[in-house]
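[1] I would like the atomic coordinates for the input below:
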Amino acid sequence: MKKLAILVSGRGTNMQHICQAISNGKLSNFKVDLVISDRNCMAIQYALKENIQTVSLEKVEKRFLSKEIDHLLMKHIPDIIILSGFLSILDAKLCEKWNGKIINIHPSLLPKYGGKGMYGMRVHQEVLNKKEKISGATVHYVTKSIDSGKIILKKSCRISSKETPISLSKKISLIEEEILIQSINSL
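    Numbering: from 1, shown residues only. Sure, this is the predicted structure:
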């Protein structure tokens, strides 16, 4: 059984997709062993309902956050660490220590629209501002450089002329679910 640790900051939509994929057999031989949040969020409530061990680090100073996360990961030794809408930046030391085990899902076709400050609706708004015809999502390894790790999988979709950030977000969410599950299975 491969153990997953999931780091969250928000609703935990992708974490929920992972849990559902485990329960319906799309992700066999996996279990979510630990959920860590950097703030009080809805994802923690979902994880608690699923009887998953959760830890909130909302009171930890940002400069100590990666050290605390590493301490928790060392207790659990997960096979894969997944950033699921996790908004804090992991320090270089943690990224190097867990190199090849931390993955992230990003709501654009990296390297476009990645980097510091590019998350959620900000990405979709920027894609539309630049009048892109195609967008998508990317699963990649996490390194000390934000959104710059080796790409595991990405998938695109067409952008209609009537697209809004909300409608694009819904399209991308479906892609994220698909490629995140495929990526976890491939690792």
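[2] what's the average pLDDT for the longest helix that the chain contains?
    Taking DSSP state H as the criterion, the chain has its longest helix at helix 165-186. Across helix 165-186, the average pLDDT comes to 97.
[3] now for that helix, which elements pack on it?
    The contact analysis (3 or more CB pairs under 8 Å, 6 or more residues apart in numbering; DSSP states H and E) places helix 165-186 against helix 13-23, strand 80-84, strand 102-106, helix 120-129, strand 134-141, strand 151-158. (Glycine included, C-beta is placed from N, CA and C.)
[4] run the last query once more with 7 Å
    If contacts are counted by 3 or more CB pairs under 7 Å, 6 or more residues apart in numbering; DSSP states H and E, helix 165-186 sits against helix 13-23, strand 102-106, helix 120-129, strand 134-141, strand 151-158.
[5] who's in contact with that helix?
    13-14, 17, 21, 26-27, 30, 80, 103, 105, 107, 121, 124-125, 127-128, 135-137, 139, 152-155, 157, 159 (CB atoms under 7 Å, 6 or more residues apart in numbering).
[6] what do you get if the cut-off is 6 Å, keeping everything else the same?
    Helix 165-186 is touched from outside by 14, 17, 21, 26-27, 105, 107, 121, 124-125, 136-137, 139, 152-153, 155, 157, with contacts defined as CB atoms under 6 Å, 6 or more residues apart in numbering.
[7] quick one: distance of stretch 104-122 to the chain centre.
    Its chain's average C-alpha position is 11 Å from that of stretch 104-122, according to CA atoms, centre = their mean, to the nearest Å.
[8] how about that stretch: buried residues?
    Asn104, Ile105, His106, Pro107, Ser108, Leu109, Leu110, Lys112, Tyr113, Gly114, Met118, Tyr119 (16 or more other CB atoms under 10 Å).
[9] between the two ends of it, how far is it?
    Criterion CA to CA, to the nearest Å; first-to-last residue distance in stretch 104-122 is 17 Å.
[10] what does stretch 35-51 give?
    11 Å.
[11] do the same with stretch 44-62
    End-to-end for stretch 44-62, by CA to CA: 19 Å.
[12] ok, and what's touching it?
    In contact with stretch 44-62 (CB under 6 Å, 6+ apart) are residues 12, 16, 19, 32, 34-40, 68, 72.
[13] quick one: the longest helix of the chain to strand 134-141, angle?
    Between the axes of helix 165-186 and strand 134-141, defined by axes from the mean of the first three to the mean of the last three CA atoms, to 10 degrees, the angle is 40 degrees.
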